[in-house]
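In: With the input below, show me the fold.
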Amino acid sequence: MARTPPPMMSSRKDFIAVSAALAALAPLFESPHAASAAPTGATMPPLQFDLSSFERTLGTPATHRHLFASKLVEHGDVFDAVGNTMSAYQTIGTPLATIFPVAVLYHVAIALAFNDAIWNEIFIPSATRLPAWIRASLPSVLQPGSGNPALHAAAGARPDDLTSIDALLAQTRLQLYVCNNALYGFSMNLAGLIDESPGTTYARLTQGLVPRATVVPAGVWAVHAVQERGFTLLQTSL
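Out: Sure thing, here's the model as predicted:
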């Protein structure tokens with residue numbers, strides 16, 4: 001039996017409100033001193049990153065190697081760009097197996113890399129304690145239990161629609177890299193809203209990544225590192 005996806009937001013375009021909300025939570029994003037800026041007594045765990053595994057993954061054979069980078073949530077546009085690129089290749093008869101898409105998510109865009117549980121247990125319940133000028137725009141957007149809106153195909157989507165994370169993971173070789181600097185920023189700012197230590201929140205977030213998502217030292221580092229390994233770049237947000 002086909003799995004029924006969780007309720008969706010009214011549209012991908014509504015998702016820009018989430019970008020504003022999460023931006024308010026993370027003033028430390030991309031700071032090289034994010035860990036040292038934690039409140040007194042806060043301990044952030046060291047990054048667990050395997051460079052050799054990173055090298056092996058990116059070194060696997062592929063005729064077409066594409067990098068999509070995003071610092072903003074926007075409308076989930078980074079995955080629209082991946083999906084539209086894959087569909088174009090299909091149109092000209094190129095097998096998806098010969099294409100290797102990589103997405104680097106940094107700054108606020110790392111929110112896209114988390115599963116429904118993280119959205120439902122942390123992001124959505126915390127929304128009510130955001131500043132009023134942001135909170136006022138959220139009720140119709142962050143519905144309880146709606147999960148990550150970029151993760152699942154929209155209701156009525158065609159079987160060949162590759163613009164959701166689920167579809168891309170199922171039908172392509174998509175690999176995601178998630179900025180650790182931004183992850184530290186999320187952890188330190190969200191911890192106070194859910195009454196946890198930053199380290200505990202960090203552990204929950206890292207355990208709640210979607211499949212094939214890997215935390216890297218910094219998103220900006222990964223953008224360069226992936227290009228050095230023969231991937232062309234499309235920056236979907238500025």
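In: could you point out which element follows the lowest-mean-pLDDT helix or strand in the chain?
Out: Every helix and strand of the chain was ranked by mean pLDDT, DSSP states H and E. The lowest is helix 132-135, at a mean of 40. For helix 132-135, the following helix or strand on the C-terminal side (DSSP states H and E) is helix 165-171.
In: what packs against the next helix-or-strand element following that following helix?
Out: Sequence order places strand 175-179 as the next helix or strand after helix 165-171, per DSSP H and E. Applying 3 or more Cβ pairs under 8 Å, 6 or more residues apart in numbering; DSSP states H and E, one finds that strand 175-179 contacts strand 99-105, strand 213-216, helix 219-228. From N, CA and C alone the C-beta is placed, and that goes for glycine too.
In: among the ones you listed, which is the most enclosed?
Out: Per-stretch averages of neighbours, counted by mean count of other Cβ atoms under 10 Å, single out strand 99-105 among those, with a mean of 26.
In: Taking strand 175-179 as reference, get the angle to it.
Out: Interaxial angle of strand 99-105 relative to strand 175-179 (axes from the mean of the first three to the mean of the last three Cα atoms, to 10 degrees): 20 degrees.
In: Following the chain onward from strand 99-105, which element is next?
Out: The helix or strand immediately downstream of strand 99-105 is helix 116-118, counting by DSSP H and E.
In: Following that following helix in sequence, what is the next regular element?
Out: Counting by DSSP H and E, the element after helix 116-118 in chain order, helix or strand, is helix 124-126.
In: model confidence over that next one, on average?
Out: Regarding helix 124-126, the rounded mean pLDDT is 84.
In: Tell me which other helices or strands that helix touches.
Out: Helix 124-126 sits against helix 180-194, with contacts defined as 3+ Cβ pairs under 8 Å, 6+ apart.
In: So for Asp195, which of the helices and strands packed on strand 175-179 sits nearest?
Out: With Cβ to Cβ as the measure, strand 213-216 is the member of the helices and strands packed on strand 175-179 nearest Asp195 (24.0 Å).
In: With that, I have no additional questions.
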